[in-house]
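Chemist: Would you be able to build a 3D model of this:
(one chain, ligands or ions: 1)
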Amino acid sequence: MRITNPHLKPGQKQVIIVGGGFGGVHAAKELANRDDLQVVLIDQRNYHLFQPLLYQVASAALNPSDIAVPIRGIFTKFQNISVHLGRVEKVNLKERTITGGSGEQLSYDYLILACGVRHSYFGKPAWENFAPGLKTLEQATEIRRRILSAFELAENEPDPAKQKALLTFVIVGAGPTGVELAGAIAEIATKVLVDDFRNIKPETATVLLLEMGPRALTMFAEDLSRQAAKDLKDLGVELRTGVKVDSIDEKGVVCGDTRIESPNVFWAAGVEADEISKSLGVELDRAGRIVIGPDLSIPGHPEVFVSGDLAHLEIDGKVMPGLAQFAIQTGKFAAKNIKFSMKSQPRKTFKYNDKGQMATIGKRKAVLQTKSIKMHGYFAWLAWLLVHLLSLVGFRNKMTVLTEWFWSYVFSKRGARLITQKEWRFGKDLGPTPTPLAAPAPLSVQPAAKA
Ligand SMILES: Cc1cc2nc3c(=O)[nH]c(=O)nc-3n(C[C@H](O)[C@H](O)[C@H](O)COP(=O)(O)OP(=O)(O)OC[C@H]3O[C@@H](n4cnc5c(N)ncnc54)[C@H](O)[C@@H]3O)c2cc1C
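Modeler: Numbers count the residues shown, from 1 in each chain. Below you'll find the model as predicted:
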């Protein structure tokens, strides 16, 4: 079924944006309040998620609603932007249509693909059941459930070997996500839960961070990476580098001839693009990201742009990073180039304004690197707090996060220590409570309600 947008007036162009993450939201804002175009922003979720703080939801420091805002609410005031909940399955570049989950099609004059990426399990998708990644709110609350449940189960476990396994946490991948998650779990064990149990000593928990490469945080300078490794050690995290994971099952991990008994394995290694990129029939990189040109459009398809994590863009021989800043800047820039094209003006070449990167390692420690500054320790951590607080969308989120951080950092308490999505019977975790999945919403463009 082909859908026509009832808001589209004669002479107006239709821009479709797929994905309401950093790239999609900033692209749409750049196109707001214009008479010459209608924007349809489609996302499979109804909220914009601040992924950099997901690990704090996973470690019970923040609530899911602290780091997510309804996408529809961001665009309340912009009449030329419609928000639609639904998943886009395919793009037909020749016909200039996108296809939704129920087969319905919508045409575009310009398309911005900003769908981000998901975890890649290096061709072993079954590992996902045993080692959830950290990309969505569902995964963050599942990791939180597994961490908190492990301590509860260990408290009731009479067998010392099983108790040890329950108190062992394994994180695969020592990039920023793995480092932040490992540091947060170590802090939960040694500071937050330390006085709350009677049969176990939470502070004796083992937190292992496994990395295939030669060091943690390979995207940072070597001295910062060394500092991060030291900070992790001080927190009680055991970093093992040069370690390749060969298999994962419900009871642990195998690396070469070593088996680590632990039902608590978390995945922070490798990403791949959404299936949508394969439907395009254009050049993709090894992770399935779409190769784009200097104006951010797909070569040979000047009406289709790609923003953020889904884009493979090389500038001066360097592949651009999967960072929020890159997504924000490419989202805005793609929208600006659409405006140039509509005015029949030449497009511009994208230049990345590298604002640097940071990673936090528990309370009061972080590493920060920009073109001209390298920092670690307390002031880097303060900078991390400030940047993340200011970058959150919405005043309410900024205030609640500030309050939760005060509670968490001053009193070493966690405001969101809840085990949800599961049932317990006599101290036994029966696993997640099955919840029926909602049917995917078909794409549609409803006429605006009369005022
Ligand atoms: C745990 C974690 C920590 C991070 N920390 C940092 C950090 O400290 N600093 C930093 O700069 N970056 C960080 N990043 C990276 C940063 O979050 C990403 O680079 C950024 O989110 C990319 O933005 P995006 O718009 O490309 O994609 P996303 O933010 O992933 O948004 C993509 C959107 O598209 C939607 N979508 C996907 N497929 C479809 C489809 N087929 N149909 C409809 N909708 C779809 C998704 O629901 C999502 O809302 C972190 C990432 C993670 C996971």
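Chemist: what does the protein put close to the ligand?
Modeler: Neighbours of the ligand within the chain, by CB under 6 Å from any ligand atom: 18-24, 42-45, 51-52, 54-55, 87-88, 114-116, 134-135, 176-177, 274, 276, 308-310, 322-325, 327. Heads up, the C-betas are built off the backbone N, CA and C, glycines and all.
Chemist: For the ligand, give me its nearest residue in the stretch 201-350 of the chain.
Modeler: Gly308 (2.1 Å; CB to the nearest ligand atom).
Chemist: just checking, that residue touches Leu113?
Modeler: No: using CB atoms under 8 Å, Gly308 is not in contact with Leu113, being 9.0 Å away.
Chemist: between those two, what contacts are shared?
Modeler: Gly19 (CB atoms under 8 Å, 6 or more residues apart in numbering).
Chemist: ok, now which ones touch whichever residue of the stretch 1-150 of the chain sits closest to the ligand?
Modeler: Nearest to the ligand, among the residues of the stretch 1-150 of the chain, is Gly21, at 1.9 Å (CB to the nearest ligand atom). Gly21 makes contacts with His48, Leu49, Gln51, Ala114, Cys115, Gly116, Gly308, Asp309, Ala327, as judged by CB under 8 Å, 6+ apart.
Chemist: Would you mind giving these as CSV with neighbour count, pLDDT and secondary structure added?
Modeler: Below are these laid out as CSV (neighbours: other CB atoms under 10 Å; pLDDT from 0 to 100; DSSP: H, G, I helix; E, B strand; the rest coil):
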residue, neighbour count, pLDDT, secondary structure
His48, 22, 97, strand
Leu49, 24, 96, strand
Gln51, 20, 96, helix
Ala114, 29, 98, coil
Cys115, 27, 96, coil
Gly116, 23, 96, coil
Gly308, 30, 98, helix
Asp309, 29, 97, helix
Ala327, 27, 98, helix
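Chemist: can I get the residues you listed in TSV with distance to Asp223?
Modeler: Listed next are the contacts of Gly21 as TSV, based on distance: CB to CB, whole Å:
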residue	distance to Asp223
His48	36
Leu49	33
Gln51	27
Ala114	35
Cys115	36
Gly116	31
Gly308	30
Asp309	28
Ala327	28
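Chemist: hmm, which two among the residues you listed are most spread apart?
Modeler: His48 and Asp309 (14.5 Å; CB to CB).
Chemist: can you map out the helices along the stretch 151-300 of the chain?
Modeler: Applying DSSP state H, counting those that start in this stretch to the stretch 151-300 of the chain gives helices spanning 160-166, 176-187, 222-235.
Chemist: winner for burial among these?
Modeler: Mean neighbour count (mean count of other CB atoms under 10 Å) peaks for helix 176-187 among these, with a mean of 27.
Chemist: starting at the chain centroid, how far to that helix?
Modeler: Offset of helix 176-187 from its chain centre (CA atoms, centre = their mean, to the nearest Å): 15 Å.
Chemist: and what of stretch 404-418?
Modeler: With CA atoms, centre = their mean, you get 22 Å for stretch 404-418.
Chemist: Then stretch 110-126?
Modeler: With CA atoms, centre = their mean, you get 11 Å for stretch 110-126.
Chemist: Kindly report the same for stretch 383-397.
Modeler: So, by CA atoms, centre = their mean, the centroid of stretch 383-397 is 16 Å from its chain's centroid.
Chemist: Could you point out which residue ranges in the stretch 51-200 of the chain have low pLDDT?
Modeler: Nowhere does the stretch 51-200 of the chain drop to pLDDT under 70.
Chemist: cutoff 90 now
Modeler: 61, 101-104, 122-123, 192, 194 (pLDDT under 90).
Chemist: is Phe169 in a bridge, and if so with what?
Modeler: Val207, Asn264 (DSSP bridges).
Chemist: Can you get me a residue count around it?
Modeler: Neighbourhood size, Phe169 [other CB atoms under 10 Å]: 25.
Chemist: Let me see the contact set for it.
Modeler: With CB under 8 Å, 6+ apart, Phe169 has these contacts: Ile147, Ala150, Ala182, Ile185, Ala205, Thr206, Val207, Leu208, Ser262, Asn264, Phe266.
Chemist: try it again with 7 Å
Modeler: Residues near Phe169 by CB atoms under 7 Å, 6 or more residues apart in numbering: Ile185, Ala205, Thr206, Val207, Ser262, Asn264.
Chemist: from what I can see the fifth one touches Ile171, true?
Modeler: Spelled out, it's Ser262. No: Ser262 lies out of contact with Ile171 (CB atoms under 7 Å); the separation is 10.4 Å.
Chemist: what's the distance between Cys115 and Phe151?
Modeler: 36 Å (CB to CB, to the nearest Å).
Chemist: Arg259 too?
Modeler: From Arg259 to Phe151 the distance is 23 Å (CB to CB).
Chemist: So between these two, which is more surrounded?
Modeler: Set side by side, Arg259 and Phe151 show more neighbours around Phe151, with 20 against 14, by other CB under 10 Å.
Chemist: Domain ranges for this structure, per the record?
Modeler: Following automatic domain parsing, the chain resolves into domains at 2-44+86-120+271-342, 127-269+363-431.
Chemist: just those: most buried one?
Modeler: Per stretch, and counting mean count of other CB under 10 Å, the top mean among these goes to domain 2-44+86-120+271-342, which has a mean of 20.
Chemist: my guess is Glu128 contacts Phe122, does it?
Modeler: No: look at Glu128 against Phe122 with CB under 7 Å: they stay out of range, at 11.3 Å.
Chemist: contact partners of stretch 311-319?
Modeler: Residues beyond stretch 311-319 that count as contacts (CB under 7 Å, 6+ apart) turn out to be Asp285, Arg289, Ile290, Val291, Ile292, Met320, Thr330, Tyr352.
Chemist: Let me see the ranges of the strands in the stretch 351-451 of the chain.
Modeler: With strands called from DSSP state E, counting those that start in this stretch, the stretch 351-451 of the chain shows them at 357-360, 366-369, 374-376, 422-425, 428-432.
Chemist: Paired strands for the third one, with orientation please.
Modeler: So that's strand 374-376. strand 366-369 (antiparallel).
Chemist: for the record, mean pLDDT for the partner strand?
Modeler: Averaged across strand 366-369, pLDDT comes to 95.
Chemist: cool, stretch 349-362 as well?
Modeler: 94.
Chemist: mind listing what's buried in that stretch?
Modeler: Phe350, Tyr352, Asp354, Gly356, Gln357, Met358, Ala359, Thr360, Ile361, Gly362 (16 or more other CB atoms under 10 Å).
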